[in-house]
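S.K.: Below are the sequence and a predicted model; questions follow.
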Amino acid sequence: MEPITRFPFAELPVELAFMIFEYAARPTFDQADLYDARSPYSSALALCRVSKVVRRVVLPELLHTILLPDSRHLVKFVHALRMQKAYKEKGSDLHFEYTRRVRKMWIVSHGGNLATPAHSPHPSRTYALSSSESPLDISLVAPILLSAPSLALSWTSLDLLVECLEHAWKSRAATHVDNEHSPLPWSTQTLTLSCTPPTAGTRWERLTDTPQGSAFLGSISHLSTNPYACDCKSHKTNLCEEYCLPQWLKIAPWASFKSLQTVFLPYPRIKLAVDQFALIFTGIDSHVELLTLSASLLRDHSDCIPKEVKGFAEACPGKEPVRSDDIRLNVSDSCIRWYTRDGWEKVWACML
């Protein structure tokens, strides 16, 4: 047997070595495995333990897209923020500024710290902070959450956004003398609302009834949701089939979305006779159709938003058929391994 020739990695130019580390650290959001079975961040986390230098190189890749699918992950993320605060206070070289690096953030099923007052007209929240949980440090969460240009939330996490906006609005008033002309304290451009709206409704008034909430909605350029979780048909089984639109589109406060340009609605293309066992445990490879509607189509006709949009017979992978200036479609070039449990997270991380 011939001896194995070891690659002289240490002899590479530093810049090239860093590029290799960055490439290896990129999260594998398009992986075939369930995220619970294999974390898409596993390579980046392993590389962070190699050395301080390598950690600093790969952290931007790890932080670019933050996926927090449940309260447990959010609590761990806040713990990491507390550690970074402590590192900064001590002047440690382990300190790393997260705010400038987070570009996309997904938070599901955390209602924040707000308690519902007895006199409040808003009903209690299923996912509110339990008595056994420590309160989230909103002063740490808000700068990160609001720095992401793309923010995805479940309807049950709406109060967490409300808290972060309130904190940022108060901080803005305290640090700017000319508050009216100071920049808005968030960078959010794309807002994705996922999961089924609560039985009490979408509760838009938690945003529309406050100056910071109204300003936030008024600054959003792109809105997205997953139609399946909003009581619509989830799968496309043939090209000519109609696209069912989420019911909440009819009651959204379109007048508040003053800067809105487009609404994105993804639909996985899955055969009607799909094996439900495979959909849950092994996954189904599926192209994803991304329906794009202009904001004017919805905002200017909010009293007559259609229940569905006619299908595109010419829709093929990699092509973007356009019906009008208001409606167009994009079909993913490659397939995504679709699971009932984390299909939407993959679509969001890879396409939105």
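M.R.: Structure's in. What do you need? Numbers count the residues shown, from 1 in each chain.

S.K.: Please count neighbours and contacts with C-alpha atoms only from this point.
M.R.: OK.

S.K.: where do the strands sit along the stretch 1-150 of the chain?
M.R.: Shown for the stretch 1-150 of the chain, the strands assigned by DSSP state E, counting those that start in this stretch span residues 65-68, 104-107, 150-154.

S.K.: Just list what the second one packs against, helices and strands only.
M.R.: So the one you mean is strand 104-107. Contacts defined by 3 or more Cα pairs under 8 Å, 6 or more residues apart in numbering; DSSP states H and E place strand 104-107 against strand 65-68, strand 150-154.

S.K.: for the stretch 251-352 of the chain, what spans make up the helices?
M.R.: Counting by DSSP state H, counting those that start in this stretch, the stretch 251-352 of the chain has helices at residues 276-281, 295-299, 343-351.

S.K.: could you give the mean pLDDT of the second one?
M.R.: Spelled out, it's helix 295-299. What helix 295-299 shows for mean pLDDT is 84.

S.K.: quick one: contacts of it?
M.R.: 249, 254-255, 260-263, 305, 326 (Cα atoms under 8 Å, 6 or more residues apart in numbering).

S.K.: how does it look with 7 Å?
M.R.: For helix 295-299, contacts defined as Cα atoms under 7 Å, 6 or more residues apart in numbering pick out 254-255, 260-263, 305, 326.

S.K.: Include distance to Leu153 when you put the residues you listed into TSV, please.
M.R.: Converted to TSV, these look like this (distance: Cα to Cα, whole Å):
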residue	distance to Leu153
Trp254	19
Ala255	21
Leu260	18
Gln261	20
Thr262	18
Val263	16
Ile305	24
Asp326	26
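
S.K.: Flag the least confident of these.
M.R.: Among the contacts of helix 295-299, Ile305 has the lowest pLDDT, at 71.

S.K.: follow-up on the earlier one: in PyMOL, how would I select the buried members of the contacts of helix 295-299?
M.R.: Typed into PyMOL, the line below selects the buried ones among the contacts of helix 295-299, using 16 or more other Cα atoms under 10 Å:
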select buried, resi 254+260+261+262+263+305
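
S.K.: Pull the most distant pair out of the contacts of helix 295-299.
M.R.: Ala255 and Asp326 (17.8 Å; Cα to Cα).

S.K.: what's the most buried one of the helices and strands packed on strand 104-107?
M.R.: Comparing these by mean neighbour count (mean count of other Cα atoms under 10 Å), strand 150-154 ranks first with a mean of 24.

S.K.: Can you tell me the strand partners of it and which way each runs?
M.R.: strand 104-107 (parallel), strand 190-194 (parallel) (DSSP bridges).

S.K.: in the longest helix seen in the chain, what's buried?
M.R.: Counting by DSSP state H, the longest helix found in the chain is helix 71-90. Neighbour-count burial for helix 71-90, with 16+ other Cα under 10 Å as criterion, is recorded at 71, 74-75, 78, 81, 84-85.
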